[in-house]
Structure formats: C-alpha cells, structure tokens
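Novice: When you get a sec, could you give me coordinates for this:
(4 chains)
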2 protein chains.
Amino acid sequence: MTEPQDRRELIVATAAEMFARKGIRSTTVREIADSVGVLSGSLYHYFSSKDEIVKEILMGFLAAIQDRYGEVLAQGQDASQTLRAVVLASLRVAKQQPDATVIYQNELRYLRETPQYKEVQAAAADVQRVWAGVIERGVADGTFRDDISPRIFHRLIRDAVWLSGRGQHSDAGYSTERLADAITSIFLQGFAARPGIGASQSDEVPAQTP
Amino acid sequence: MTEPQDRRELIVATAAEMFARKGIRSTTVREIADSVGVLSGSLYHYFSSKDEIVKEILMGFLAAIQDRYGEVLAQGQDASQTLRAVVLASLRVAKQQPDATVIYQNELRYLRETPQYKEVQAAAADVQRVWAGVIERGVADGTFRDDISPRIFHRLIRDAVWLSGRGQHSDAGYSTERLADAITSIFLQGFAARPGIGASQSDEVPAQTP
DNA sequence: GTCTATATTGAGATAGAC
DNA sequence: GTCTATCTCAATATAGAC
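Specialist: This next block holds a predicted model:
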C-alpha cells in the first residue's frame, strides 16, 4: 500500500495491517482507532460500519487482480505462457497488497458467513474463472496432463500461489519473479503431458494401495 | 468421527462439525448446546470452557497424525516412497477426521493468538518436522531438485495436502488413494531432479522477467 | 471532523435449584 | 446431569456537544 494521503486512506491501511495480522473478528474498531490516533467514534464519520472497511480493502484487491488478468488474457499467448503470466500477475498483486492478500486467504470463511459480501463474492468468482479457463484450455490442447482432474490441478496451483502471500516473510530472499518461476516450474513440469501417458490409457491415475 | 457413545463425545463431535462449517469464533456455546439438545449451562458440566472443546478436537487430530507418521518412518523407505506414504497417511487422517482437518487449516490464526494453545502448537510443530525431514533427505540424496528452496517445496506440498480437506466435497469421486496418487504424482514429477539441471549450474531458478 | 458518553447487543461463564 | 436465571464483559454503533 502506498503512503496514505488522507485520513480515510490511513484508516483503511491501518485496518488492513491489523486484519491481516490478527484477523478481522479479533481486531476491534477501538484498536484500529487507537492505531490511527483517533477515538473509535470518529471512524464512523468515514465508514458506516467495520464491514465497510473490510469491503473497501477487498474490492481494491480484487479489482487490481482483474486489471492484471485482463492484460494477460489480451496477449493471447498459449496455455503454458498464460498460466505463467497469471501466476506472475497474482504474485505481483500479492506483493503490492500483502495485507489484502492475507486477509483474502484467511477470512474466506468470515466473508462467506457475512451476508453483505455478495459483491466481494462475485468479484472473487470472476477471478476463479480466469484460472479455470487457462487450465481447461491447456488440458484440451494437450499441453497439460489429462490423467488428473483439472479441478484438482486448479485447486493446487491456485492455493500454492495465494498462500505464498501468507509465507512472504519466510521466503525472504525469493523475489516475486523467482517465486513465480519456482511455482510455475514445479507445476508446469508436474502437470506437463508426457508422451504415451494419459489419453491413450485410462483417463485417471489408477488407484494404488501400498 | 465414529458414532458418539456418550454425551461428552456427542458434544465434541457436534462442536467439531460446527467449528468446521462456521468457524470457532462464530459458533456460540449456545448453538452447540442447541444442536446437542441441552442448554448452554449444561456444557460446563463436561468442559470448563469453549476452548477446552477445541483443544480436545485438535489434540485428537494431531495424535492420529503422529501415530501414522511414526509407522511410516519406521518402514525406512527412500525419500520418494516416504513422501508418498506421508501424503497418503495425511489424507487418511483427513478423511477420518474431516472436521478437525478443516478447523486446523482455517483457524491457525485463532490458535496462535490464543495463549493457552501451547500444547497444540507443540504437537503441530512435531508434525511439520516430519515433512521437512523427508524433503531435506530427498534433496540431499539427489532425488529432488536442488534448484528450488526446500522451504518452498515443503510449503507447497504441505498446503496441497491439508487443503484437500477443505475441498473434499468438490473432489467427489476422487478416493483418498486416488487423490494421494494425484498429488504425489504431480509433485514428484514436478520436483524430480532432472539430469544435467540443478547442482551443475546455478543453485536457484534464474530470475526471468517476461 | 473529532470528542465524550452511552446505548445495545451478544457471548462466555457461573450459582444454585431440581 | 440438566435447567433456570443471571452476571460480566467486551464490542459495535449512536447521539450530540465542541
């Protein structure tokens, strides 16, 4: 997050940092106000509720993602290149908005159980659709293995990317680009179609009970 | 969880289901009591606090994991086989205790911020150590790529496995064994050392900025 | 735009009768 | 062992003065 100009932005940035560190529920509006340097009542001059602050954080995050994904898709690259670009785009947003990334990951439950987050839910679904689209395309054109469900692959790589936000500090020294390369390298190698394996035989990994 | 015999077990099982579905914080003791069919005060005959219930759920979960990992390590297999066995063992526990698995994944934050969970933290650290050990062994003996940090690999596969609990319903039709095979297949292929790549050159993936 | 003061609600926990 | 009744506390939110 860039240096907050006005008080409203300062509130959002401060709240984001605390929500990411301690969770939304266990961060009180009084604590946010303390950190900002005002009293709790004053926050309600800018926001009508605590959830409005959460919404502003997450919608900004999801909008940034959609922006970058739009650029990636506009390039019309093949499945492998697009997947790599999507991973890199995601990690760049994660780097730019680390607090929002952590909140998004950690509070999916909270967001779902709070009714007024329809808007956020919808934006999140759009993001999911981009991932699913790239993967399906790669499986269809033979770039990716067809012996493993695209759903599984989708979940694995999506979680791998977004959870990287959570582990940022522990990955110190790994630049965004390096991390993106590591993740895509592992998954593209792991999910690469291998000649003679897959479509020709059964279409799933055979059960194997050691 | 097996069919609860006595009231105490019923409380634990009911609470686990609700904690997994709605989160610990947003499940009230009154709701648990309602589901069990008693009034909230009655719960305190069995447990001295809500957190005691949480503790019982998670310690049972972690003990089951440690049991199975112990058996796996006792077999003295090589790194690939051990990793596969650890994944399978984890998924079996996840299948047997799906609620605890979800709680463990979703509430790491809550567990860390609640002081009295030292015991749970310690057990969780032991589990982590098994994963790290297998991976380090595989990297050391040349089974796994050494051009990617073991920390990264550790995080990726660990999250992939435990998050599978979260996606259970959406993976319908994938048996535990099939899912274990899919995950190990992707990661062993993705993380396999390739002759001529790695140690000989640089020891990290080169930065690459598209 | 910020403060003081307070209303309101919801949750965990307890005491003691049955 | 369960219930009724209630305590206590913390948190969101509001009203109105400055």
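Novice: in chain A, what residue is nearest chain B?
Specialist: Evaluated by Cβ to the nearest Cβ, chain A has A:Gly190 as its residue closest to chain B, separated by 2.5 Å. Just so you know, the C-beta spots here come from the backbone N, C-alpha and C atoms, and that holds for glycine as well.
Novice: Report how many residues lie close to that residue.
Specialist: Using other Cβ atoms under 10 Å in any protein chain shown, A:Gly190 is surrounded by 23 other residues.
Novice: shouldn't it be in contact with B:Phe191?
Specialist: Yes. If you go by Cβ atoms under 8 Å, A:Gly190 and B:Phe191 touch, sitting 7.3 Å apart.
Novice: give the contact list for the residue of chain A closest to chain B.
Specialist: Shown in contact with A:Gly190 (Cβ atoms under 8 Å, 6 or more residues apart in numbering or on different chains): B:185-191.
Novice: Please report phi then psi for it.
Specialist: phi -70, psi -30 (degrees, to the nearest 10).
Novice: Would you quantify the distance from it to A:Val38?
Specialist: A:Gly190 sits 50 Å away from A:Val38, going by Cβ to Cβ, to the nearest Å.
Novice: Tell me how many other residues surround whichever residue of chain A sits closest to DNA strand C.
Specialist: DNA strand C sits closest to A:Gly41 of chain A, with a gap of 2.9 Å, by Cβ to the nearest atom of the strand. Applying other Cβ under 10 Å, we find 10 residues neighbouring A:Gly41.
Novice: Name the residue closest to the centre of chain A, please.
Specialist: Closest residue to the average C-alpha location of chain A: A:Trp162 at 4.3 Å, with Cα atoms, centre = their mean.
Novice: looking at it, that one is touching A:Ser90, isn't it?
Specialist: Yes. With contact defined as Cβ under 8 Å, A:Trp162 counts as touching A:Ser90 (7.0 Å).
Novice: Which residue ranges of chain A form helices?
Specialist: Ranges of helices in chain A, per DSSP state H, are A:7-22, A:29-36, A:40-43, A:50-74, A:79-96, A:98-106, A:108-113, A:118-140, A:150-166, A:176-191.
Novice: buried set for the third one?
Specialist: In this case it means helix A:40-43. Within helix A:40-43, the residues that count as buried by 16 or more other Cβ atoms under 10 Å in any protein chain shown are A:Leu43.
Novice: Now mean pLDDT too, for the helices of chain A, in CSV please.
Specialist: Putting those into CSV (pLDDT from 0 to 100) gives the following:
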stretch, mean pLDDT
helix A:7-22, 96
helix A:29-36, 98
helix A:40-43, 97
helix A:50-74, 98
helix A:79-96, 95
helix A:98-106, 93
helix A:108-113, 82
helix A:118-140, 95
helix A:150-166, 87
helix A:176-191, 90
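Novice: Quick check: which of these is nearest to B:Thr143?
Specialist: Among the helices of chain A, the nearest to B:Thr143 by Cβ to Cβ is helix A:176-191 (14.6 Å).
Novice: Just want the angle from that closest one to helix B:150-166.
Specialist: Using axes from the mean of the first three to the mean of the last three Cα atoms, to 10 degrees, the direction of helix A:176-191 lies 60 degrees away from that of helix B:150-166.
Novice: My guess is A:Gln75 contacts A:Arg84. True?
Specialist: No. If you go by Cβ under 8 Å, A:Gln75 and A:Arg84 don't touch, sitting 11.4 Å apart.
Novice: which one of those two has more residues nearby?
Specialist: Per other Cβ under 10 Å, whichever of A:Gln75 and A:Arg84 has more neighbours is A:Arg84, with 22 against 10.
Novice: nearest residue to the more buried one other than its sequence neighbours?
Specialist: Of all residues not flanking A:Arg84 in the chain, A:Thr184 sits nearest, at 4.5 Å (Cβ to Cβ, 6 or more residues apart in numbering or on different chains).
Novice: tell me which parts of chain A are close to DNA strand C?
Specialist: Contact residues (Cβ under 7 Å from any atom of the strand) of chain A with DNA strand C: A:7, A:33, A:38-42, A:45.
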